Structures are given as C-alpha cells and as structure tokens.
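Chemist: just the structure for this:
(6 chains)
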There are 4 protein chains.
Amino acid sequence: METPKPPERKPRSDAARNRERLLAAAKLVFARTGPGASLDAVVREAGLGIGTLYRHFPTREALYEAVYRRDIEQLVTLGADASAARDPVAALRDWLHAMIDVVATKKGMIAAFALAADTTSAISARSTGAVTQALDRLLARAVAAGRVRSDIDGTELLLAVVGMCMLRDQPGWQASVTRLIDTLVDGLEVRRTGAP
Amino acid sequence: METPKPPERKPRSDAARNRERLLAAAKLVFARTGPGASLDAVVREAGLGIGTLYRHFPTREALYEAVYRRDIEQLVTLGADASAARDPVAALRDWLHAMIDVVATKKGMIAAFALAADTTSAISARSTGAVTQALDRLLARAVAAGRVRSDIDGTELLLAVVGMCMLRDQPGWQASVTRLIDTLVDGLEVRRTGAP
Amino acid sequence: METPKPPERKPRSDAARNRERLLAAAKLVFARTGPGASLDAVVREAGLGIGTLYRHFPTREALYEAVYRRDIEQLVTLGADASAARDPVAALRDWLHAMIDVVATKKGMIAAFALAADTTSAISARSTGAVTQALDRLLARAVAAGRVRSDIDGTELLLAVVGMCMLRDQPGWQASVTRLIDTLVDGLEVRRTGAP
Amino acid sequence: METPKPPERKPRSDAARNRERLLAAAKLVFARTGPGASLDAVVREAGLGIGTLYRHFPTREALYEAVYRRDIEQLVTLGADASAARDPVAALRDWLHAMIDVVATKKGMIAAFALAADTTSAISARSTGAVTQALDRLLARAVAAGRVRSDIDGTELLLAVVGMCMLRDQPGWQASVTRLIDTLVDGLEVRRTGAP
DNA sequence: GATGAATGAGACTTCATTCAT
DNA sequence: GATGAATGAAGTCTCATTCAT
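Modeler: Modelled structure (predicted):
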C-alpha cells in the first residue's frame, strides 16, 4: 500500500501489513473453531507473535469487532437500501433473515453481534452500534407507517436474534430461528381488525 | 493423606449429606460466578475433596442438572397447574414469564436451561427434558383451542427464551426479554378476522 | 447389594465365593487392559466392593500371584514332565518357548512373572518361586549332562525372558523374543570341539 | 499472578538457560525417582513454571530424549570408534557392556533406551534411532566377517538389553545382565568346526 | 514495534487406599 | 466380613496475559 521500496532498509516494521494478516488469520480461525478459539492459534496462522496480536487488539473483543466490521458494514448498507425500497415490514423481516444468514455462514460472527447487542460494552458503540441503528431505522419506518408496534426497539430485536443464534449447535437451528423471528415480527405487526 | 481436620471428625459415611453440601456449594458458587465457575471453587466451598464431587457428579452438566433440578421441577409443576386452570394463551404467557423470573433470580440456572434446550445432549432427555414437554403441553392446549399457530414447538420456544436470557448482562434485560417474549406470543396467536 | 431375601437366612457371607469372583474378574480385566489395570475396574467386573478386594488381596502383587498361580503351577508341572523325558537342552528350550507362549496368551501374566523374577519381593518366594526352581532343575540336568555351561542360573534366565517380554508392544515381538531366547540357549550350550 | 520471587529478577528471555535448567533438573529427578517421576517435581527442582517445561518439551518422551541425547550420542560415537578398530565380536560385546554401564549409572536412562527400542514410537526415529543403527553396524561387520549369525538384528539386540535392564531392582543385577548378554553373544557366534 | 518465552491458574481426570457403617 | 463413600495427591494439558529483549 505504502512506499514499497525504501533502499532495502529494514523492511519497515509494517504495522498495517501485520494488522491485515492478523485479521485474515482470525477470520479463518474463528470460522474453523468458532469464537473462543485460542488466540495462539490465530497468531500461529498469521505467522506472527502473540505480542503483536495484543498490541493491535488489546482484547479479544476488539479483535472480533475488527474482523467482522466489514461484514457488519455490508449488512448495514443492505438495511439502508432495503429500507428505501420496500414495504416496511417486509424490509424488516428480510433484513433479520439476512442477519441469520450471515451468522449461519460465518461461524465466529455471533461473537461480534453479541458485542453489538451488549449496550454495556464501550466498544459496542463504535462500528457495531450501527447494527442497532439500522434496526432502529427499519423499525421507525414501519412504526411511522402504522404497521408495527412501537414498544420494541432495535437493541431488543438484536438481542432476540443474537440470543437465538447463540444456540446454534443443534441441527436445523437456522430454520427454527427463522420461524421464531418470523413469529416475532408477526407479533410486532399491528392487528388490523376485520370490522369496518 | 492423613485427615487434616481432626476438629470435625470423619462425620459419617453419609453420602447424602455430602451430596447436599455439594449441591448447596455449587448453587452458591454458580450464583456468585456464573456457570463455568471453577469446580475447585465448588469443593472448596463445600469443604470436600474434588474426588467426591466427581463421584457424585461425573460431569459439569450432571452437576448443573442436579443443582437446578428442583427449581425446574417446581417450574414444571407450575406449568401443569396453570395449564389445567386458565386461559391457554395466558397460561403459556405466564409460564414463560415464570421462566424468565427463575433465570433472573438464579444466575447459574441459564446453564441448566441451555442443557434442556440442547437436543443433542444425552443428559437433556432426563429431568430437563421435562421443561420442553411442559411447553409442548401448554402449546398443545392452546393449539387445540384454536388459539395459537401450530408451527412452533416447545423446543423452539425454549430456545427463544434461553437464548435471550443468555445475554443478561445489560441493565433492564429482564424487562426487554419479557417484552420480546410477549411479542412472540402475540405472534403465535391466531388472528381473528372480524367478519365472516 | 444388600441381601434381598432375609427370610431365607443371610446367604452366608461366602468369603470363598467372593475370592473366586475376584480372581475371575481380575483375570479378565488384566487380560483386557494389562497389569496396571485399575483395581476399581476389577471390582466393578466382579460386582463387589473395593474393600472386599483389599481384604482378600492386600496388595496388587498378591492379586497377581493368586490370579496366575494356577497357570504357573501348570507351567511348572510341564517343566517337571519335560525334564524327565527328553534331551535336556531341548527340554530347556521347549520350556522357555512355553513361557513365552503363556505370556503371549495372557496379557497380565507378565506381571506375575516379574514378581517371580524379583528376588527382592517377599511374595515371590511363595508360588512364583517355583518357576525359578523349575528352571534351576532343567538347567541342572543339562549341566550334569555336560551340555550347558554352569554360570547362568534359573533366576537369571527368568530375568532374561521376563525382561524381553515386557517390551511386547511392537508387532512381531514374540518371534523376536523366541529368536533371542534360542540364541541365548545356543550360547549356553557347551561347544563341542571338532576333534575326534 | 505477580512475580513471587523479587530476589532473582526476571532473569532474561534466555530460553536457552531455562532449557538447560530443565534438562539438569530432569536428569536429577529422573536419577532420583526413575522415569515416571512427576513432571511437576522437575519444574519445582528447576524453579520454573510447568508451562515452560511444556513449551520446551511437549511430551514426556521429548524430555527423555533431550535429557539423554548427549549420553546416547557419546555411546553411539563410542560404537563407531570401536567398530573401526577391533575384532568385530569383541567390539559388539564391549559396546553392549558399555550400554549396560550407562544404564547402571543413569537411573532414568532406561526410559530413553526403551524409546529407542520402541519401533512404534515416532520419536524413536530421531536421535535414539541411532542406537539401533549403531548396533546394526556392529552386527553387520561381524556378519560380514563370517563371525556371527545373521538372524538377529540390532533392534532385537536392543530389545534384549533394554528388557533385561528394566528389571534392575535386585542387587547384583548388572553382573547378571552382563553375563546374560555375554551368553547371548556367544550364541550369536558362528560355531567353528574343529577340522577342515 | 515486534517478539515469543515465561508463567501459573485451573480444568479435567484417575486411582490407591482408608475407614465408618 | 462386606461395603463403597471419601479423599486428595498427582498427572495431563491448555491458555490468556505479561514483559524483557
């Protein structure tokens, strides 16, 4: 990325390169072993020292966040787009489905979402907080359209999805969670009485 | 090798007493530190040897189950009673509220419910399986009365509650979870169209 | 576990029966897991209490000895017979082969022989000492016939066989040990000079 | 958690020094207690943490090998020298005597030789495998000279020595084993008929 | 900045042995 | 005599985290 050829000099302690290597390694290892994988396994994969990992990511959580930030940003963008174009309830539903899909695909990801759902965490405010905001926006639109109730907020909805996805060990979990979330959205919808 | 505590005599071969001591200690320690507390801390609290713990409870899961079995049985009994006496949807709702209350009170308990929710676990079939059955029964009654949909089963409902309760770190979590579960039950309810 | 039918008198605390049960169980377990098997496994197999095992056989060695005493006695008898009937060197060789066969067949047996080979052990003097004596007798006959050297005694020969058989983990060990023992016997034989 | 020994400072990242300390401690402890000594005893002796031991020597076997590697290398060198200079049978005999002497001196050593004798062990191939090769070389020379039979190989000879030395508890064992090995070598020697 | 050695807590487990009932 | 609960030492191994170089 940066000046590739200093006269040879010490290969320049390229911190950025190491950071990337660590992220790539972590993504791989988390996907393989899940969150809670040994940090040693990550640095082994990256071919770097454990100290370097700690310098870049002082906590395991910081690593989670960095690893999945891009995925989360994509998801958020998706939410924004959907929000603009579709029926508000369908948009909300679709976006929640997308979240479940992401968790199903990226094994370590749930940890990042758990961070996002943790309002206590100082770190959550940063990139992951965007997820909550995206949900809030989707909800707000649906509420404004008089389509869903207003007593559940984005943080809570996130809590629901993340919690259910944490127990993803049994076979068929994705179908179950999807059904549950659909039911939850049904519950959110304002009931239209049939009478004139 | 030699009994280091001459003061309190070798009490008696009273296995039952020790078992109780272990359960009490475990309850305390789990409540203090959460599940995942050191088993060593448990025996230290109980004033017994680690071997004794292993004799009575060969796995951590067996200990969870035993520690919370009574609570779970009470909950199940409560479900049966409620089931007999009340409006089926209200009974279901109340029982889910009771579950949340139990988790709110007993910090380590969620681990026992997680076991119950884990259909993979061999141990779950035993006492904890009763929770699923209780839910199934409550659901069945409501379905039979034409009040709720039939596409969600007890296992899934348990998954929802347990999952949400796993993220109980933030303040106000109980209110949030209760609200979410209420919404979920709303979603389960069959919508009655006003006119033929 | 406790006498289920008090009406028909206590079934007589048949110590002898228990002893037999323990021996049978131990034989089985040693054969399955080798010496060093857990004594608990033995009593589990026997359906008795660990205390009972300790009453009958205060040490693991005592158990070895009792379990294999009969086998050893048979072997000793075999030695006596062979000794009477055959060429002394062939008799010695055959008997050593028989020992190896026994070890090959009965996995836990080597421990009993090790006891026999251990001149230090107080217990060895008893039944297992007979093995040494049998070897001494076979050697003595061959020495008397001027067929083998007199500087190796039965204890040492036993040491050789037992030691080699202790490393019986690699495939083909029996053939190797047999070859080695044959070579050893060759070395014992007095060389006959070619002169008339 | 906190450095409990302020007196001796955090010495240096000198891994080599610690490695040496561990080897020295292990040598001492094995000599005192035999192989199978507690690894904890080793680190206690070395004044280091158990983790450090595991970092340097991931398995007990790796430790054996490292502790005795130098001794084994010396022995192997000795074999090479002897092989070049002397009567092949005498060279073989002397080398076997040297092996017995080494075992007699270093109590834990037999474990390292047992590794060498274990053709199954992956680790044996490394430095300890050299022992087998040395024996093979000595044998080959004697065979080539028409002095010994060719049906016993180095692995088997090693098995014989190691096996016999495993039972080194009785007094006078070294003399017995030496005598046995001498007899074995005698058995290996080709018998020369007296007349042309 | 980078490194990785050091550390020790602690998880989990197995057993031999004792001894109260 | 029989029982088996109790005990705790010991052993295995894994990690997160610190810090000297």
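Chemist: buried ones in stretch A:55-63?
Modeler: A:56-57, A:60-61, A:63 (16 or more other C-beta atoms under 10 Å in any protein chain shown). Placement of C-beta: from N, CA and C, glycine included.
Chemist: quick check: longest helix of chain A.
Modeler: Longest helix in chain A by number of residues, with DSSP state H as the criterion: helix A:60-85.
Chemist: quick one: average pLDDT of that one?
Modeler: In this model, helix A:60-85 has an average pLDDT of 86.
Chemist: and stretch A:87-105, anywhere near chain B?
Modeler: No - legend: contact between stretch A:87-105 and chain B by C-beta under 8 Å from any C-beta of the partner chain is lacking; minimum distance shown is 11.7 Å.
Chemist: report the buried residues of that stretch.
Modeler: Counting neighbours by 16+ other C-beta under 10 Å, stretch A:87-105 gives A:88-89, A:91-97, A:99-100, A:102-104 as buried.
Chemist: try stretch A:76-86
Modeler: Residues of stretch A:76-86 classed as buried under the neighbour-count rule (16+ other C-beta under 10 Å) are A:76, A:78-79, A:82-83.
Chemist: ok, and what's touching it?
Modeler: Contacts of stretch A:76-86 from elsewhere in the structure, counted by C-beta atoms under 8 Å, 6 or more residues apart in numbering or on different chains, are A:91, A:94-95, A:98, A:130-131, A:133-135, A:137-138, A:141.
Chemist: surely residue A:190 and residue A:148 touch.
Modeler: Yes - A contact is recorded between residue A:190 and residue A:148 when judged using C-beta atoms under 8 Å, the distance being 6.3 Å.
Chemist: pop the domain breakdown of chain A in here.
Modeler: Taking automatic domain parsing as the criterion, chain A consists of the domains A:1-58, A:68-188.
Chemist: out of the ones you listed, the one nearest residue D:33 is which?
Modeler: Comparison of the domains of chain A against residue D:33 by C-beta to C-beta identifies domain A:1-58 as nearest, at 32.0 Å.
Chemist: ok, the closest one near DNA strand E or not?
Modeler: Yes - applying C-beta under 7 Å from any atom of the strand, one finds that domain A:1-58 is in contact with DNA strand E at A:13-15, A:18, A:48-52, A:54-56.
Chemist: okay, and which of the residues you listed map to helices?
Modeler: Judged by DSSP H, the residues of domain A:1-58 next to DNA strand E include A:15, A:18, A:50-52, A:54-56 as members of helices.
Chemist: just say which of the domains of chain A is most tucked in.
Modeler: domain A:68-188 (a mean of 19; mean count of other C-beta atoms under 10 Å in any protein chain shown).
Chemist: endpoints of it, how far apart?
Modeler: The first and final residues of domain A:68-188 sit 29 Å from each other (C-alpha to C-alpha, to the nearest Å).
Chemist: run through chain A and note the low-pLDDT ranges.
Modeler: Flagging of chain A using pLDDT under 70 yields the residue ranges A:1-13, A:85, A:122-127, A:192-196.
Chemist: in it, which residue sits nearest chain C?
Modeler: When C-beta to the nearest C-beta is the measure, chain A has its nearest residue to chain C at residue A:38, with 32.2 Å between them.
Chemist: look up how far residue A:53 lies from that residue.
Modeler: Shown here: residue A:38 relative to residue A:53, a distance of 11 Å by C-beta to C-beta, to the nearest Å.
Chemist: again with residue A:131
Modeler: To residue A:53, residue A:131 is 25 Å away according to C-beta to C-beta.
Chemist: next, see if whichever strand or helix holds residue A:133 gets close to chain B.
Modeler: Counting by DSSP states H and E, the element that carries residue A:133 is helix A:129-144. No - figure legend: helix A:129-144 not in contact with chain B (C-beta under 8 Å from any C-beta); closest approach 12.0 Å.
Chemist: same check on stretch A:50-66?
Modeler: No - judged by C-beta under 8 Å from any C-beta, stretch A:50-66 stays clear of chain B, getting no closer than 12.7 Å.
Chemist: show residues contacting that stretch.
Modeler: Stretch A:50-66 is touched from outside by A:15, A:18-19, A:22-23, A:26, A:30, A:35, A:39-40, A:42-43, A:46, A:108, A:111-112, A:115, A:121, A:123, A:126-128, with contacts defined as C-beta under 8 Å, 6+ apart.
Chemist: the inter-axis angle of the next helix or strand after the longest helix of chain A versus helix A:60-85?
Modeler: Moving toward the C-terminus from helix A:60-85, the next helix or strand (DSSP H and E) is helix A:88-105. The directions of helix A:88-105 and helix A:60-85 differ by 150 degrees, with axes from the mean of the first three to the mean of the last three C-alpha atoms, to 10 degrees as the criterion.
Chemist: just the CA atoms of helix A:88-105, as CSV, please.
Modeler: What follows is helix A:88-105, C-alpha atoms only, in CSV (Å, rounded to 0.1, in the frame of the first residue of the first chain):
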residue,chain,number,x,y,z
PRO,A,88,-41.5,-1.6,5.7
VAL,A,89,-42.5,-4.8,7.4
ALA,A,90,-41.1,-6.9,4.6
ALA,A,91,-37.9,-4.9,4.7
LEU,A,92,-37.5,-5.5,8.4
ARG,A,93,-38.2,-9.2,8.0
ASP,A,94,-35.8,-9.6,5.1
TRP,A,95,-33.1,-7.8,7.0
LEU,A,96,-33.5,-10.1,10.0
HIS,A,97,-33.3,-13.1,7.7
ALA,A,98,-30.1,-11.7,6.3
MET,A,99,-28.7,-11.4,9.7
ILE,A,100,-29.4,-15.0,10.4
ASP,A,101,-27.9,-16.0,7.1
VAL,A,102,-24.7,-14.1,8.0
VAL,A,103,-24.5,-15.9,11.3
ALA,A,104,-25.1,-19.2,9.7
THR,A,105,-22.3,-18.6,7.2
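Chemist: how far off centre is whichever strand or helix holds residue A:180?
Modeler: Using DSSP H and E, residue A:180 sits in helix A:173-188. Average the C-alpha atoms of helix A:173-188, do the same for its chain, and the two points are 18 Å apart (C-alpha atoms, centre = their mean, to the nearest Å).
Chemist: ditto for stretch A:20-34
Modeler: 15 Å.
Chemist: with just CA atoms, put it into PDB.
Modeler: Once side chains and other backbone atoms are set aside, the C-alpha atoms of stretch A:20-34 remain, and they are given as PDB (Å, rounded to 0.1, in the frame of the first residue of the first chain):
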ATOM      1  CA  GLU A  20      -4.200  -7.300   7.900                       C
ATOM      2  CA  ARG A  21      -2.500 -10.600   8.400                       C
ATOM      3  CA  LEU A  22      -3.900 -10.900  11.900                       C
ATOM      4  CA  LEU A  23      -7.400 -10.100  10.700                       C
ATOM      5  CA  ALA A  24      -7.300 -12.700   7.900                       C
ATOM      6  CA  ALA A  25      -5.900 -15.300  10.200                       C
ATOM      7  CA  ALA A  26      -8.500 -14.600  12.900                       C
ATOM      8  CA  LYS A  27     -11.300 -14.800  10.300                       C
ATOM      9  CA  LEU A  28     -10.100 -18.100   9.200                       C
ATOM     10  CA  VAL A  29      -9.500 -19.500  12.700                       C
ATOM     11  CA  PHE A  30     -12.900 -18.200  14.100                       C
ATOM     12  CA  ALA A  31     -14.600 -19.800  11.100                       C
ATOM     13  CA  ARG A  32     -12.900 -23.000  11.800                       C
ATOM     14  CA  THR A  33     -13.100 -23.200  15.500                       C
ATOM     15  CA  GLY A  34     -15.700 -20.700  16.500                       C
END
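Chemist: which residues touch that stretch?
Modeler: Counting contacts by C-beta under 8 Å, 6+ apart, the residues outside stretch A:20-34 that touch it are A:37, A:41-43, A:45-48, A:52-53, A:56-57, A:63-64, A:66-67, A:106-109, A:111.
Chemist: mind running it again at 10 Å?
Modeler: Contacts of stretch A:20-34 with the rest of the structure, by C-beta atoms under 10 Å, 6 or more residues apart in numbering or on different chains, involve A:1, A:14, A:35-48, A:52-53, A:55-57, A:60, A:63-64, A:66-71, A:105-112, A:168.
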